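Trainee: how would this look folded up:
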Amino acid sequence: MIEIEKILEIAKQEDASDIHLICGLKPILRVVRSLNEITEMRELTEDDMYEIYDYFVRGNLDKDEVFRQTRRLDCSYEYQDIRLRVNISYSNEIPILTLRIIKNTLPKFEELGVPDIVKRMTYQPQGLILVTGKTNSGKTTTLNALINEINETQNKKILTLENPVEFKHKSKKSIVIQKEVGRGRDSLNFSDGVKNSLREDCDILVIR
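Mentor: Take a look at the predicted model:
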């Protein structure tokens, strides 16, 4: 029996950003830019991978059906005081998982090194801001820091459509409504979520 929570605890202690669970390998942590195996744990078997799959899907029939139909699944999971973004896919017909550990606190906007003009753009009455970049370049952190900046300084209604929801915001000066997109979640798909947002009197719509 694989000790999943032990893996999560070690990842917390090592301040890892990601956990890689792959059949035939020991659990692997990404710490800064380095991939480090958890040496005290054994190599994962096919049975382990299905056990880990069951642990994160938790018998949710909608999630299970999505995975079997599309052969991939993105979802969120909470363990103690941390949130995880869980990606499940197949390799050699066996599930593999990549877990992203979501920090509980966001950096201040000023700490991100983003030009100040971006912050000023959030005061415009209308417009479009695109946050783009390669994997692990900080897109989600930047976007959530922007939301937090608006939430603390402006009186707006912010609606987010996310798959999955990673950082959870609490309404401050603004109202923040976060919706998870996917079968069995808050909105079936992004298209429906955007259409319904027109009826929800939001000032800012965030799609991620």
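Trainee: and for the helix or strand of the chain with the lowest mean pLDDT, what are the contacting residues?
Mentor: Ranking every helix and strand in the chain by mean pLDDT, DSSP states H and E puts helix 116-121 at the bottom, with a mean of 85. Helix 116-121 has contacts (Cβ atoms under 8 Å, 6 or more residues apart in numbering) with Phe109, Gly127, Ile129, Leu146, Glu149. For glycine as for every other residue, the C-beta is placed from the backbone atoms N, C-alpha and C.
Trainee: Would you show me how to pick out the buried ones of those in ChimeraX?
Mentor: In ChimeraX, this line selects whichever of the contacts of helix 116-121 come out buried by 16 or more other Cβ atoms under 10 Å:
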select :109,146,149
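Trainee: which one of the contacts of helix 116-121 sits closest to Glu43?
Mentor: Leu146 (41.7 Å; Cβ to Cβ).
Trainee: So the closest one, which state does it fall into?
Mentor: The three-state label given to Leu146 by DSSP: H, G, I helix; E, B strand; the rest coil is helix.
Trainee: now swap in the one 4 residues further on and tell me
Mentor: Three states are possible here, and by three-state DSSP the one that applies to Ile150 is helix.
Trainee: how about the nearest residue to it, chain neighbours excluded?
Mentor: Nearest in space to Ile150, with sequence neighbours left out and distances taken as Cβ to Cβ, 6 or more residues apart in numbering, is Thr122 at 5.4 Å.
Trainee: Then Val176?
Mentor: Per Cβ to Cβ, 6+ apart, closest to Val176 is His169, 4.3 Å.
Trainee: pretty sure that neighbour is in contact with Ile177, am I right?
Mentor: No. Here His169 lies out of contact with Ile177, judged by Cβ atoms under 8 Å, at a distance of 9.3 Å.
Trainee: and the residue sitting furthest away from the middle of the chain, what pLDDT?
Mentor: Centroid-distance maximum for the chain: Pro125 at 28.6 Å, with Cα atoms, centre = their mean. Looking at Pro125, its pLDDT reads 85.
Trainee: all strands for this protein, in order.
Mentor: 18-21, 28-31, 34-37, 72-79, 82-91, 94-102, 157-162, 175-180, 204-207 (DSSP state E).
Trainee: Fine by me, thanks again.
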